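Colleague: what shape does this take:
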Amino acid sequence: MPVDARTSAPLLGEPLAVEFMNTIWADRDGIHDALATPSEMQGWLQVGPQLPAIPDEDLRDWIATAPPREVEDTAARLRELRNAVRRLAAVQTADPRERAASATKDVDQALEVVNAAAASAPHWSHMTWRRNNAPDREVHTQAALGSTIPAVIAEQVIDLLTSDVRDGLRACLAPGCVLYFVRQHPRREWCSTACGNRARAARHYARHRTDPAT
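Modeller: Numbering: from 1, shown residues only. Below you'll find the predicted structure:
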C-alpha cells in the first residue's frame, strides 16, 4: 500500500473524494486519523490528490505561512467534513463494518455539512487563450484558502456521489480494514493487494478450522 512520510494516510490513487474518506484508516493498533492535528492535515494536503481550483504553489504558500489559528480551524472543518462524507459513503455502499462507522450518525446532518462546505467558498471559471496555445481554464475565488480547501473537496464529493462513479464505490471488507475504493474492474474486491492477501488468508484459515478432516 503506497505511503508517504508526510502523512500516515494510505495513498491508493483513488479519486480525491475517496482518498479524503480514507484519512481514517486502521491497522493492528487500532483506528487512526490522518487529519487529527494541523500538522498531519498539512502533510496530507501536500501529498494527497491535487485540489482542483487551487494551484500547487498557492497551497504550499498557505501551508508555510497561514496563521496557526486558521490552520487549526481548517483541520477541524476537514475532520467534520470527512466524517460526514464517510457517513454518506456508508449509506451508498451499505457498509456493514462497525469498526468503520462514522462519528457522524445522521444522514441529514452529513448532507448539511457537505452542502455548507461546498457553499463556503463560491468560485468561478475564467478562460484565457494565448496565441498558438489551446484555451486554458483558471478557477478563481474571493474566499480565504482555509475556506476554499474544504469547499473544493466537498464539490468533489458531490461530483462523486451524483455521478455514475458512485455505483462503483465499495467498502473494503477485508478483515480490520475501514477504507473505501472505487471498483473499476469487475473482479476487484479489495482496496489493495495487502487487503486481498489478508482476506484470502482469513478465508483459508476459516475453511481449515471448520473442516472435520483436518
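
Colleague: distance of residue 78 relative to residue 57?
Modeller: Residue 78 sits at a distance of 21 Å from residue 57 (criterion: Cβ to Cβ, to the nearest Å). (Glycine included, C-beta is placed from N, CA and C.)

Colleague: ugh, typo on my part, it should be residue 176
Modeller: Separation of residue 176 from residue 57 (Cβ to Cβ): 39 Å.

Colleague: higher neighbour count, those two?
Modeller: Between residue 176 and residue 57, counted using other Cβ atoms under 10 Å, the more crowded position is residue 176 (17 against 8).

Colleague: for the more buried one, what are its contacts?
Modeller: By Cβ atoms under 8 Å, 6 or more residues apart in numbering, residue 176 lies in contact with 26-28, 99, 198.

Colleague: least confident pick among these?
Modeller: pLDDT is lowest at residue 198 among the contacts of residue 176; the value there is 72.

Colleague: residue 90 versus that one, what's the distance?
Modeller: 21 Å.

Colleague: of those two, who's got more company?
Modeller: The neighbour comparison of residue 198 against residue 90 (other Cβ under 10 Å) goes to residue 90, with 21 against 16.

Colleague: where's that one, which helix or strand?
Modeller: helix 68-93 (DSSP states H and E).

Colleague: can you give me the helices in the protein?
Modeller: 16-21, 38-47, 56-65, 68-93, 107-119, 145-161, 193-210 (DSSP state H).

Colleague: circling back: buried ones in the helix holding residue 90?
Modeller: By neighbour count with 16 or more other Cβ atoms under 10 Å, helix 68-93 contains the buried residues 70-71, 74-75, 77-90, 92-93.

Colleague: what does the pLDDT read for the closest residue to residue 79 other than its chain neighbours?
Modeller: Spatial nearest neighbour of residue 79, chain neighbours left out: residue 35 (5.2 Å); criterion: Cβ to Cβ, 6 or more residues apart in numbering. Per-residue pLDDT puts residue 35 at 97.

Colleague: my guess is residue 35 contacts residue 21. True?
Modeller: No - using Cβ atoms under 8 Å, residue 35 makes no contact with residue 21, being 11.3 Å away.

Colleague: contacting residues for the residue nearest to residue 118 when sequence neighbours are not counted?
Modeller: Nearest residue to residue 118, sequence neighbours excluded (Cβ to Cβ, 6+ apart): residue 154, at 3.9 Å. The contact partners of residue 154, taken as Cβ under 8 Å, 6+ apart, are 81, 114-115, 117-118.

Colleague: what about the residue nearest to residue 74 when sequence neighbours are not counted, distance to residue 57?
Modeller: Residue nearest to residue 74 in three dimensions, not counting chain neighbours: residue 146, with 4.3 Å by Cβ to Cβ, 6+ apart. Computed with Cβ to Cβ, the distance linking residue 146 and residue 57 is 17 Å.
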